[in-house]
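Peer 1: turn this into a model:
(one chain, ligands or ions: 1)
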Amino acid sequence: MHTSNNICNRRNFLGGSIAALAGTMAASSCSHSKPDNSLVSQVELVNVSGSSIEPSSIHIKNGFVITMDAKRAIYPQGQVLIRDGKITEVGEQLKKPIKADLILDARQKLVLPGFVNAHAHLQQYFRGVYELIGNFYQVNLPLEGYRTPEDMDALGAASCAELIYGGCTTSLIIYTYPHGFAQAVEKAGNRCVLAADIEQVDLNVLKNGTYKYLPEKGEAAFQRAVDLYNNWHGRADGRITTCMCPKAADLVLPDIYTKIRDFAQEHNLPVTTHLSQTSRESKQVQKLYNKTSTQHLLDMGLLNEKLTGVHCDYITEQDLQLILKSGMGIMHCRSVGNPLMQWRDLGIRVGLGTDDYHHDMLPLLRANLRSRSSRSRRPTFYEILEMATRGGAVAIGLDNEIGSLEAGKKADIITVDLNNPYLTPTREPITSFVLYGSCRDIDNVLVDGLFLKRNGKLTTIDMAETLNVAQNRVIYIIDKFFQEHPEQKKAWESKVPYRI
Ligand SMILES: [Zn+2]
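Peer 2: Below you'll find the predicted structure:
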């Protein structure tokens, strides 16, 4: 009874045996664009009318709806209507009664746009090592050299699991070999802006403070970024887009920056780069060009509204004026000394990114509530949540499509179950969620109106199997690193209170 057009469209399964349909779906050779939802349990596939596997219309009913729109509208007992992957209505009441395929009872739940993680790498394999013996140059950068293109076969799904589980419906991910990760995103159903990081220094000598530039390394990295664009930009129903990422002004020479600029302009791509991240970067850029990193980017024609600079820990007052004038954005992570709210109040687009070995946005929000900048006030609970949703969407240039719950936008939505003793009782649930919430409280995650997490469980990823595969791969990677860096192994063993 299915036409070839609807076999792969989860919204179009109508009637018949749910079990038979689920079997058909698992066995069918779907096009690349839809997330693989064959792991959704049959019980969960039955909706209120019992007629459709993946509902084309969903009514999220009576939830505490935080729209994150420009008016900052909140509906404490609000309604959200989704049709064919898009939000069609949001408000206190629906305009007219409607019989949606699925009704999600959201009493005792927050309903808000999914998090936009505006800057992250895939470095989960550093966990349990870097925290113990961490040194950016001695451990972090050498460990990055242990990435291989094949790693993402084992680690890609685990990374997607982490992002989806924590409610990151959209993430800007920078990784040296992103092809395998793009495949994982395609299957998992989340939304990503992907970048292949471009650098051309020898990491083995950089750890000693020596900058040795390798032209062929830069060329190969640039080519990977071009390949990423050619192979993945706009794929998976548009869930995957790409941007360019020269890693930093001290790690990439002007000839490659120029090529990146030209390619990005030709294809209308955003550019993101670590900017004024370390004092070593600042010194090297001064030494090479006698200017700050910001001025250097300006002189190379890169400082514009398509650019975002990550960190900006060491920018000068003059740099800040250049940033303001250019319209570029800033991706902010954990540096609580940065004047986050000053930047935002000046009108700079600011996104928040986990940039760490785990990608849970809630600890990041809490870290930034403790801003210590003398130049800047602290954000309110609402403002920090806004920055993690609509602010991130604006920063990455996708705010026409995502970042708030408004009619016409994509249905990238999370719900938060308040019905636990950490979040209830409360008189103000936004404050409580930001301060005390955890990713486990995020019980539903939708992207394009499709459930990727439903009632607390991932629907497109077998989490136990995925994490087992990832764990084995990480043991292999770290063992290799230790074999070739015995001094680091010794340092690590001295910090671990047991022997394996
Ligand atoms: Zn970073």
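Peer 1: and the next helix or strand past the helix or strand hosting Leu452?
Peer 2: Here Leu452 sits within strand 450-454, counting by DSSP states H and E. Using DSSP H and E, the helix or strand that directly follows strand 450-454 along the chain is strand 457-458.
Peer 1: what's in contact with that following strand?
Peer 2: Here strand 457-458 makes contact (CB atoms under 8 Å, 6 or more residues apart in numbering) with Leu39, Ala161, Ile164, Tyr165, Leu452, Met463. To be clear about C-beta, it is placed using only N, CA and C from the backbone, and glycine gets the same treatment.
Peer 1: quick one: list the elements packing against the next helix-or-strand element following it.
Peer 2: Counting by DSSP H and E, the next helix or strand C-terminal to strand 457-458 is helix 463-484. In terms of contacts (3 or more CB pairs under 8 Å, 6 or more residues apart in numbering; DSSP states H and E), helix 463-484 is packed against helix 151-165, helix 486-495.
Peer 1: chain center to stretch 419-439: distance?
Peer 2: Computed by CA atoms, centre = their mean, to the nearest Å, the chain-centroid distance of stretch 419-439 equals 23 Å.
Peer 1: first vs last residue of it, how far apart are they?
Peer 2: 14 Å (CA to CA, to the nearest Å).
Peer 1: contacts for that stretch next, please.
Peer 2: Stretch 419-439 has contacts (CB under 8 Å, 6+ apart) with 64, 66, 108, 110, 165-167, 360, 362, 365-366, 369, 381-382, 384-385, 416, 418, 441.
Peer 1: and what of stretch 476-490?
Peer 2: For stretch 476-490, using CB under 8 Å, 6+ apart, the contacting residues are Tyr125, Val129, Ile133, Gln138, Val139, Pro142, Leu143, Tyr146, Asp151, Trp492.
Peer 1: buried sites along stretch 344-358?
Peer 2: Residues Arg344, Ile348, Arg349, Val350, Gly351, Leu352, Gly353, Thr354, Asp355, Asp356, Tyr357 are the ones in stretch 344-358 that count as buried (16 or more other CB atoms under 10 Å).
Peer 1: among those, which one has the lowest pLDDT?
Peer 2: In terms of pLDDT, the lowest of those is Asp356, showing 79.
Peer 1: three-state assignment of that residue?
Peer 2: coil (DSSP: H, G, I helix; E, B strand; the rest coil).
Peer 1: in contact with it, which residues?
Peer 2: Here Asp356 is in contact with Ala120, Gln123, Cys333, Arg334, Leu364 (criterion: CB under 8 Å, 6+ apart).
Peer 1: I'd guessed the third one sits against Asp355; true?
Peer 2: Yes - look at Cys333 against Asp355 with CB atoms under 8 Å: they come within range, at 4.0 Å.
Peer 1: and for the two, which residues touch both?
Peer 2: Common neighbours of Cys333 and Asp355 (criterion: CB under 8 Å, 6+ apart): His119, Val310.
Peer 1: for stretch 92-111, what is the distance to the chain centroid?
Peer 2: 28 Å.
Peer 1: only alpha carbons, please: show that stretch as PDB.
Peer 2: Written as PDB, here are the backbone C-alpha positions of stretch 92-111 (Å, rounded to 0.1, in the frame of the first residue of the first chain):
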ATOM      1  CA  GLU A  92      -2.300  30.600  25.400                       C
ATOM      2  CA  GLN A  93      -5.000  28.900  23.300                       C
ATOM      3  CA  LEU A  94      -5.100  27.500  19.800                       C
ATOM      4  CA  LYS A  95      -7.100  29.600  17.400                       C
ATOM      5  CA  LYS A  96      -9.600  26.800  16.900                       C
ATOM      6  CA  PRO A  97      -9.900  23.300  18.400                       C
ATOM      7  CA  ILE A  98      -7.800  20.900  16.400                       C
ATOM      8  CA  LYS A  99      -7.400  17.100  16.400                       C
ATOM      9  CA  ALA A 100      -3.700  16.600  16.100                       C
ATOM     10  CA  ASP A 101      -2.200  13.100  15.400                       C
ATOM     11  CA  LEU A 102      -0.500  13.300  18.700                       C
ATOM     12  CA  ILE A 103      -1.200  15.200  21.900                       C
ATOM     13  CA  LEU A 104       1.700  15.700  24.300                       C
ATOM     14  CA  ASP A 105       0.300  16.500  27.700                       C
ATOM     15  CA  ALA A 106       2.900  19.000  28.900                       C
ATOM     16  CA  ARG A 107       1.400  19.800  32.400                       C
ATOM     17  CA  GLN A 108       4.400  20.100  34.800                       C
ATOM     18  CA  LYS A 109       6.700  20.500  31.900                       C
ATOM     19  CA  LEU A 110       8.700  23.400  30.500                       C
ATOM     20  CA  VAL A 111       8.500  23.700  26.700                       C
END
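Peer 1: quick one: buried residues of it?
Peer 2: Within stretch 92-111, the residues that qualify as buried by neighbour count (16+ other CB under 10 Å) are Leu94, Ala100, Asp101, Leu102, Ile103, Leu104, Ala106, Gln108, Lys109, Leu110, Val111.
Peer 1: now do that stretch, average pLDDT.
Peer 2: Mean predicted lDDT for stretch 92-111 stands at 95.
Peer 1: residues making contact with that stretch?
Peer 2: By CB under 8 Å, 6+ apart, stretch 92-111 touches 47-49, 51-52, 55-66, 75, 77-82, 89, 405, 413-419, 424, 429-430, 433, 443-444.
Peer 1: sorry, back to before: now render the helices and strands packed on helix 463-484 as JSON lines, adding mean neighbour count and mean pLDDT.
Peer 2: Conversion of the helices and strands packed on helix 463-484 to JSON lines gives the following (neighbours: other CB atoms under 10 Å; pLDDT from 0 to 100):
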{"stretch": "helix 151-165", "mean neighbour count": "24", "mean pLDDT": "93"}
{"stretch": "helix 486-495", "mean neighbour count": "14", "mean pLDDT": "93"}
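Peer 1: nearest spatial neighbour of Leu362, chain-adjacent residues omitted?
Peer 2: Closest residue to Leu362 apart from its sequence neighbours, by CB to CB, 6 or more residues apart in numbering: Gly437 at 5.6 Å.
Peer 1: follow-up on the earlier one: can you list which of the contacts of stretch 419-439 are found in strands?
Peer 2: Among the contacts of stretch 419-439, DSSP state E puts Phe64, Ile66, Leu110, Val416 in strands.
Peer 1: quick check, nearest of those to Asp255?
Peer 2: Ile66 (46.8 Å; CB to CB).
Peer 1: Val285 sits in which helix or strand?
Peer 2: helix 279-289.
Peer 1: I'd like the average pLDDT over that helix.
Peer 2: Here the average pLDDT along helix 279-289 is 96.
Peer 1: cool, and stretch 216-227?
Peer 2: Rounded mean pLDDT across stretch 216-227 is 97.
Peer 1: let me see the ranges of the strands in the stretch 201-350 of the chain.
Peer 2: 240-242, 245-246, 271-275, 307-311, 329-332, 350-352 (DSSP state E, counting those that start in this stretch).
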